[in-house]
Every structure is written in structure tokens, then in C-alpha cells.
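Peer 1: Fold the following and give me the result.
(one chain, ligands or ions: 2)
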Amino acid sequence: MGANVGQMIDVLSVTPEVFPLIKTGGLGDVAGALPGALAAQDVRVRTLVPGYRTILKTLRQGRVAAKFDMLFGGSGRLIAGRAAGLELLVLDAPHLFDRAGGPYSGADGQDFDDNWARFGALGLVGAQIGGGLVEGYNPQIVHAHDWQGALAPVYMRYGGNGAAKSVLSVHNLAFQGQFSADVFSGLGLPQAAFSLEGMEFYGGVGFLKGGLTSADAIVTVSPTYAREITRTEAGMGLDGVLRSRLDDLYGFVNGIDTGVWDPATDAALEAQFSPALIKKREINRQALEARFSLEADGGPLIAVISRLTEQKGIDLLLDTADQIVGLPARLIVLGSGEATFEKGLLAVAAKHAGRVGVKIGYDEGLAHLMQGGADAILIPSRFEPCGLTQLYGLRYGAVPIVARVGGLNDTIIDANIAAVNAGVATGVQFWPVNGPSLLEAVARMVQLYKQPAIWRKLVRRGMKTDVSWRRSAEAYADLYRALIKGKTN
Ligand code: ADP
Ligand code: GLC
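Peer 2: Ligands and ions are numbered 1, 2, ... in the order given. Down below sits the predicted model:
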């Protein structure tokens, strides 16, 4: 139980994504689920998000909570309302957010060239809300997510006028919001902010760098990743900054929304199931075989649900696909991303028709079905701050095969002989992250699969693992309260 539960506190979450309204990856899931989990810790969260078209459409009955005559080149409004069980503050600034495409890039896949202004505005308004912009609302904590939210702590540090404390979550250090020096003047920050101790980074403007130097506390999404990023190999140029903030750096592993991801009630499944009814997964597997035109025999069914990028080790998958099929095993992939990976995967599917199926695109429902019907879920990431797909896999009985990095290290117990004998294994880990070791791990999974008693135990143990937000929500709530009291560490 977290300390001091009972004293209600208010937290403003500043995020570019929030499930189910807008999501491109795990950050959306986290920002969408954490408010509900924190409510049980007597933490009331409001979420500040950009007024993308999709969000404004959802938020029909909002009230205007603030107006801006001039916000990065145009006027804007802050609209307060509720949607999908979330308390929202939506930054309606059409010149910044009313456009076709995704949250960060246009339909052509190119990043918008005014992203510095779009997320500069998000950070500025976040800081202003922390300073009391919205009547009757005085959050004690402003919790910003990733580089897109990172300017909130910067604006709070250089000119904030409230007592609110700031927290910056790092979901992925690879995305840093790095811009050329000439955008600095447009941010309206004092010159002092463009310094080594502020947001100057290799001669340019670093949004994440600014957040890391300015926030009162920094949280990343697993203890292992928190350690990794303080080292040169994984620090992506920011390890020095992170080392200088070691006392304020925390690693809390992500949970999942166990309401949205519940195999006993999931409407996206062909057949719902539970640990006592694992056999029903068979029906989902058959549905997948039909969807991906797979032959019914050919070994265990391995799923990959992922952004198709180098981070996620998709090149390793391409290198080893022929051998994986030969084990034998079958492979289904759902993802989108870099064109060469998309093409490569489609070529593998054509070569191994009946054994390999690939869907390029984004499909939330299919992702659920794959977790509920595949025998294993493969995550060969080179680095992984936390990773959510292995947690969904645990809960849905798809045994995770994971690279031993970041949050994958913290959430999966490798089925080595000691762990199998002790009955605590939940998946298969491999290291180093390369083709041969990935292949060896998949082969190990196939061996385990051939031993039904051991396999069943592995699946059940995974399904019974607590992957909820409960523990980490307590950790966040404790951190917020310690910051408010001025007592951390
Ligand atoms: P990341 O945020 O780095 O992409 P995570 O594992 O934290 O990785 O989260 C990925 C989230 O995105 C999961 O909810 C996963 O199911 C989802 N996802 C990724 N690709 C797809 C896709 N093509 N279709 C549907 N969901 C996807
Ligand atoms: C990032 C990371 C992923 C993490 C997610 C949510 O996208 O790549 O590992 O699970 O954020 O924190």
C-alpha cells in the first residue's frame, strides 16, 4: 500500500498520445491506463493532449477552460471534457493540430516540420496549467511524457510561477526531439535555457535534453532500462546528463490495462478463455490460421506484433525466418514501419506461403486475436525501455520469447532448467541480440512446446503473473507525494 493514501492529489499528465483516443505505440497505452490505476491511489489525473482531429471529434461536449490569442503563430483554446473515462484538457489550436496524417507526421510519413512549435505549445500550456491557468484547478504535479511533453518542465523551471513539481517520463531515449538552434527564439524561453545545463544539445535545441535537465524527477519504464541509459552504450548521447541526475532517476515497470486486455471478456477474440479454459485458445488459433492462410500443421505458431524498425530487431527476424520455419514453426507478423522491412517480410511470406503470414498495417483487434491464439510472441528488440506486447502475451497465454534487454529483462522469467523445476518460468530470453541467439531461443521454445506438461505450466504461470498497474501505480503515487513534500531519496 502506498504511503498517505487518503490525501487526494492532483496530477496533470502532458502527453502526445492517450489510448483509446490516439495511439501509435506503448506510450498511448500507458497514458491511457495510468489515470485509472492512480485513482486507486487517491491520485486524480487530468490529461492534456493536442487537439488532433480525431480527439476533437470524440470530445463533443467540452467547455472552454482557457483561451490563447497567440500561441505559436495562431489562436487556440483549451477544452475541458471527458471521453473514454478520462478527464481531458484538449489543446485546440487548429494551426498546429488540425491536419491530416498521424500525430507526428503527414500521410507521406515525413515528420511535420513545425513539430517543435506543436509540442512547444503543448509543453507551454502544460506548464501554464501547472501555474494555475485553469480556474479552480491547481495540480501539484505536472507529469510530462517523452520529448513531446518535455518542454513543460523546461517552461516551469524558467519562469513558472506555481508550486507544482514536475516529473518527466522517458518511454524511449531514441526519440529526443532534436531541432536546429534557430527554433530557440520561437520558444519564448530566456536565453539561459539555451545552455549546457538546459536544452542546448550538440549546438541544437534538444527537447528531451531540456526536460531531463529541468524536471524535478525523471522516471523511465523499467529498472533495467533506467540502469542501461546511464551507460554510454545505451545512453544515446544523454547518458552523461542522466548520470548527473542519478539521485532523481527512477525505473518503474509498466503495467497493462487489465480491463482492456482481459482474455475472459475480450470481444476481439473468437473464443474467450481463462487459465482454467486454456483449451479454448485453440479456436483463436484456428481463426488466425484462416486469417493468415496458414496450413494447420507445421509447428507452433509464433506471433510478432510490432513497429517494424531496427530497434525491434526486425532485421534479425528477416535473417532467421527461413531457419525458424524449418524448425518447424509458423510465423505471423502484424506491423508497419520502415519500407525495407515491410517489403522483406512480404517476401518471406510469399516464399513460405502456408507457413508465414504477414499483415502490414495497424489493427488493434487483430493484435488481440494474435495474443489470444498464437503459441508464442517473439520480441527480438535491440533495446526495449519496457515493452508491452510481452505483458499482453503473458496475460493471453502466448509465451514470450524475448531479448534480455530493458523491461523484457524485468518482466519475463527465462525457462532455464532451475526455473522450470521451480515452476516459475514464464518465457524464453536470449542474449546477445543477434540472429544465432534468436534462433537458439526459438528452438528452445519449440522443444518446450513438445513437452505438453511443461508447456502447460509455462503458459499458466504466465497467465497468472500480475501484469497490472497496481504495484507501479503505488510507486508513482509515492513519488508524487514525496515530491510534493519536498522529500525524495
Ligand atoms: P513501442 O511503444 O516501442 O512500439 P510497446 O511494446 O510498448 O512498444 O507497445 C506497442 C503497442 O503497440 C502494443 O499495444 C502493441 O499491441 C501495439 N502495436 C504495435 N504495432 C501494432 C500493429 N501493427 N497493430 C496493432 N497494434 C500494434
Ligand atoms: C516506448 C518503448 C516501449 C515502452 C513504451 C511505453 O514506446 O519503446 O518499450 O513499453 O514506450 O512505456
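
Peer 1: Angles on the backbone of the closest residue to Ala415 other than its chain neighbours, please.
Peer 2: Nearest non-adjacent residue to Ala415, counting by Cβ to Cβ, 6 or more residues apart in numbering: Ala425, 3.7 Å away. No exception for glycine: its C-beta is placed from N, CA and C like everyone else's. Phi and psi for Ala425, reported as degrees, to the nearest 10, are phi -70, psi 140.

Peer 1: So which residues on the chain come close to ligand 2?
Peer 2: With Cβ under 6 Å from any ligand atom as the criterion, the chain comes near ligand 2 at residues 25-27, 30, 171-172, 221, 254, 384-388, 407.

Peer 1: And the residue nearest to Ala415, how far from Leu346?
Peer 2: Here Ala425 is placed at a distance of 34 Å from Leu346 (Cβ to Cβ, to the nearest Å).

Peer 1: So between the two, which is more surrounded?
Peer 2: Ala425 (24 against 15; other Cβ atoms under 10 Å).

Peer 1: Can you tell me how far the more buried one is from Ser75?
Peer 2: For Ala425 relative to Ser75 (Cβ to Cβ), the value is 58 Å.

Peer 1: same deal with Leu151?
Peer 2: 20 Å.

Peer 1: Pick out whichever of those two has more residues nearby.
Peer 2: Using other Cβ under 10 Å, the more surrounded residue of Leu151 and Ser75 is Leu151, with 32 against 13.

Peer 1: contacting residues for the closest residue to that one other than its chain neighbours?
Peer 2: Excluding its sequence neighbours, the residue lying closest to Leu151 (Cβ to Cβ, 6+ apart) is Gly123, at 2.5 Å. Contacts for Gly123 (Cβ atoms under 8 Å, 6 or more residues apart in numbering) come out as Val14, Ala144, Gly149, Ala150, Leu151, Ala152, Pro153, Val154, Tyr155, Phe207.

Peer 1: One more: Tyr449?
Peer 2: For Tyr449, the contacting residues are Gly299, Pro300, Asp375, Ala376, Trp455, by Cβ under 8 Å, 6+ apart.

Peer 1: Inside helices: which ones of those?
Peer 2: Trp455 (DSSP state H).

Peer 1: Could you give the average pLDDT over the particular helix or strand that has Arg46 in it?
Peer 2: Per DSSP states H and E: Arg46 is located in strand 43-50. Across strand 43-50, the average pLDDT comes to 98.

Peer 1: Give me the residues contacting it.
Peer 2: Outside strand 43-50, the residues that reach it (Cβ under 8 Å, 6+ apart) are 8-18, 21-22, 31, 34-35, 38-39, 55, 86-91, 93, 96-97, 103, 118, 122, 125-126, 129, 137, 139, 473, 476-477, 480.

Peer 1: So for stretch 100-118, what gets flagged as buried?
Peer 2: Neighbour counts over stretch 100-118 (16 or more other Cβ atoms under 10 Å) mark Pro103, Tyr104, Phe112, Asp114, Asn115, Trp116, Ala117, Arg118 as buried.

Peer 1: What is the end-to-end distance of that stretch?
Peer 2: 14 Å (Cα to Cα, to the nearest Å).

Peer 1: can you tell me if that stretch touches ligand 1.
Peer 2: No - using Cβ under 6 Å from any ligand atom, stretch 100-118 stays clear of ligand 1, coming no nearer than 13.0 Å.

Peer 1: How far off centre is that stretch?
Peer 2: 19 Å (Cα atoms, centre = their mean, to the nearest Å).

Peer 1: can you tell me the residue of the stretch 51-200 of the chain closest to ligand 2?
Peer 2: His171 (3.3 Å; Cβ to the nearest ligand atom).

Peer 1: Who are the contact partners of the residue nearest to Ala415?
Peer 2: Counted by Cβ under 8 Å, 6+ apart, Ala425 has contacts Ile413, Asp414, Ala415, Asn416, Ala419, Lys457, Leu458, Arg461.

Peer 1: okay, and for the protein, where does confidence drop off?
Peer 2: 1-6, 489 (pLDDT under 70).

Peer 1: helices or strands up against the helix or strand following the strand holding Arg46?
Peer 2: Sequence-wise, the next helix or strand downstream of strand 43-50 (DSSP H and E) is helix 53-58. Secondary-structure packing of helix 53-58 (3 or more Cβ pairs under 8 Å, 6 or more residues apart in numbering; DSSP states H and E): strand 76-83, strand 86-92.

Peer 1: could you redo the last one with a cut-off of 10 Å?
Peer 2: Applying 3 or more Cβ pairs under 10 Å, 6 or more residues apart in numbering; DSSP states H and E, one finds that helix 53-58 makes contact with strand 76-83, strand 86-92, helix 94-97.

Peer 1: can you list the ones you listed in CSV and add mean neighbour count and distance to Ala271?
Peer 2: What follows is those, written out as CSV (neighbours: other Cβ atoms under 10 Å; distance: least, Cβ to Cβ, whole Å):
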stretch, mean neighbour count, distance to Ala271
strand 76-83, 18, 31
strand 86-92, 23, 30
helix 94-97, 19, 40
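
Peer 1: and of those, who's closest to ligand 1?
Peer 2: Here strand 86-92 is closest among the helices and strands packed on helix 53-58 (Cβ to the nearest ligand atom), at 17.1 Å.

Peer 1: Would you enumerate the residues in contact with Asp114?
Peer 2: Phe72, Gly73, His95, Leu96, Gly120, Ala121, Val183, Gly186 (Cβ atoms under 10 Å, 6 or more residues apart in numbering).

Peer 1: Just the element for Gly32, please.
Peer 2: helix 26-39.

Peer 1: List the buried residues of that helix.
Peer 2: For helix 26-39, a neighbour-count test (16+ other Cβ under 10 Å) marks 26-38 as buried.

Peer 1: Next: stretch 160-168.
Peer 2: Gly160, Gly162, Ala164, Lys165, Ser166, Val167, Leu168.

Peer 1: Ligand 1: which of these is nearest?
Peer 2: Distances from ligand 1 to these, taken by Cβ to the nearest ligand atom, are shortest for Leu168, at 17.1 Å.

Peer 1: Pairing partners for that closest one in the sheet, please.
Peer 2: Ala144, Ile218 (DSSP bridges).

Peer 1: Distance check, it against Glu270.
Peer 2: Leu168 is 41 Å from Glu270, by Cβ to Cβ.

Peer 1: Start and end of stretch 392-403, how far apart?
Peer 2: 16 Å.

Peer 1: now that stretch, how far from the centre of its chain.
Peer 2: 16 Å.

Peer 1: and if you look at stretch 273-287?
Peer 2: 27 Å.

Peer 1: If you count neighbours, what's buried in that stretch?
Peer 2: Neighbour-count burial for stretch 273-287 [16+ other Cβ under 10 Å]: Phe273, Lys280, Arg281, Asn284, Arg285, Ala287.
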